[in-house]
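Student: sequence? don't have it. structure:
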């Protein structure tokens with residue numbers, strides 16, 4: 001009772017003369033980067049997402065001079081982003097030499113397609129999706145307690161093998177993100193591709209490996225979830241046509257399960273939404289499927305995946321989109 005009396009007197013003095021601890025101001029919420037709220041690839045698709053699945057064998061007819069919907073026009077280009085990268089990471093002149101650091105010494109020798117191929121039809125913007133600092137994007141640890149699949153390393157290895165073969169065929173390309181010590185780098189990837197100067201029309205190819213839902217990042221996903229899928233910008237006929245060519249050759253070359261073509265009617269992947277050119281994203285196997293991850297870590301399977309990308313590029317170079 002006496003304590004309540006003292007509290008009442010204290011509250012009276014505070015109301016009359018002030019004092020006491022000032023209430024802590026409510027912290028302002030940190031601004032949210034809209035890029036991080038948009039799924040970047042197939043591994044971030046939730047089960048409740050609406051996905052359109054298409055058959056790559058269906059013929060896509062594009063009429064001459066037909067306008068296509070290739071990107072969302074609600075984001076400008078950041079002109080402050082460097083439009084070019086060091087010369088040893090690109091080959092924009094047909095038949096030009098490139099530095100040895102751009103090729104893979106063990107793979108990429110020889111072309112998977114024989115015969116003469118028309119040169120200089122497109123500039124291929126090769127994006128190796130994710131960097132060393134991207135959170136997640138790696139498999140559980142294998143039984144040896146050490147081995148782990150790192151997606152950024154896989155993506156860059158595939159792109160290196162692709163570039164080595166494109167050099168031999170004299171096909172123009174642009175390595176969008178040669179850096180390793182970066183994170184998702186989403187906006188910069190898109191702006192580099194968009195602002196890259198080229199007399200040739202550009203095509204954007206983003207190379208990834210997929211992941212399925214699992215109990216945690218330390219647990220492998222169900223063995224039944226496996227295979228290859230290729231994503232394109234929804235309602236883009238050119239995107240779907242390019243995606244169908246890549247998917248067809250990826251399945252033929254690797255023999256992995258065919259998950260067909262995919263797109264999202266809303267909130268599509270950032271690199272498909274904002275690249276102002278025909279763009280596709282290949283998901284080359286599941287790195288948290290234990291058996292498939294083991295295959296993806298072999299030189300043989302990586303070369304098959306790279307070869308499939310090159311065959312698709314050469315077919316499009318020959319026939320156009």
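Tutor: It's in. This one's a predicted model, so the numbers in the text were calculated from it and none came from an experiment. Numbers count the residues shown, from 1 in each chain.
Student: residues in contact with the residue most central in space within the chain?
Tutor: Nearest to the geometric centre of the chain sits residue 129, at 3.7 Å (Cα atoms, centre = their mean). For residue 129, the contacting residues are 40, 41, 151, 152, 155, 206, 207, 208, 271, 281, by Cβ atoms under 8 Å, 6 or more residues apart in numbering. Where C-beta positions appear, they are placed from N, C-alpha and C, glycine not excepted.
Student: quick check: closest non-adjacent residue to it.
Tutor: In this structure, residue 129 finds its nearest non-sequential neighbour in residue 208, 4.6 Å apart by Cβ to Cβ, 6 or more residues apart in numbering.
Student: same thing with residue 137?
Tutor: residue 151 (4.1 Å).
Student: what does the pLDDT read for that neighbour?
Tutor: We have a pLDDT of 93 for residue 151.
Student: how about it, what does it touch?
Tutor: 129, 130, 134, 137, 138, 208, 209, 287.
Student: do the same with residue 55
Tutor: Applying Cβ under 8 Å, 6+ apart, the residues contacting residue 55 are 260, 261.
Student: switch the cut-off to 10 Å
Tutor: Contact analysis of residue 55 by Cβ atoms under 10 Å, 6 or more residues apart in numbering lists 244, 247, 258, 260, 261.
Student: quick one: those as JSON lines, columns for distance to residue 291, neighbour count and secondary structure too.
Tutor: As requested, those are exported to JSON lines (distance: Cβ to Cβ, whole Å; neighbours: other Cβ atoms under 10 Å; DSSP: H, G, I helix; E, B strand; the rest coil):
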{"residue": "244", "distance to residue 291": "27", "neighbour count": "23", "secondary structure": "helix"}
{"residue": "247", "distance to residue 291": "21", "neighbour count": "29", "secondary structure": "helix"}
{"residue": "258", "distance to residue 291": "17", "neighbour count": "17", "secondary structure": "strand"}
{"residue": "260", "distance to residue 291": "21", "neighbour count": "18", "secondary structure": "strand"}
{"residue": "261", "distance to residue 291": "24", "neighbour count": "23", "secondary structure": "strand"}
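Student: closest to residue 146 out of these?
Tutor: residue 258 (32.8 Å; Cβ to Cβ).
Student: could you give the bridge partners of the closest one?
Tutor: Residues in a beta bridge with residue 258, per DSSP bridges, are residue 228.
Student: I figured it hits residue 228, correct?
Tutor: Yes: between residue 258 and residue 228 there is a contact at 6.9 Å, judged by Cβ atoms under 10 Å.
Student: name the residues contacting each of those two.
Tutor: 247, 250, 251.
Student: and the last one, its phi and psi?
Tutor: I take that to be residue 251. Dihedral pair for residue 251: phi -70, psi -40, per degrees, to the nearest 10.
Student: mind listing what it touches?
Tutor: Contacts of residue 251 by Cβ under 10 Å, 6+ apart are 56, 227, 228, 230, 257, 258, 259, 260, 308.
Student: quick one: it from residue 64, how far?
Tutor: For residue 251, the distance to residue 64 equals 30 Å [Cβ to Cβ, to the nearest Å].
Student: before we move on, what about the first one?
Tutor: Shown here: residue 247 relative to residue 64, a distance of 25 Å by Cβ to Cβ.
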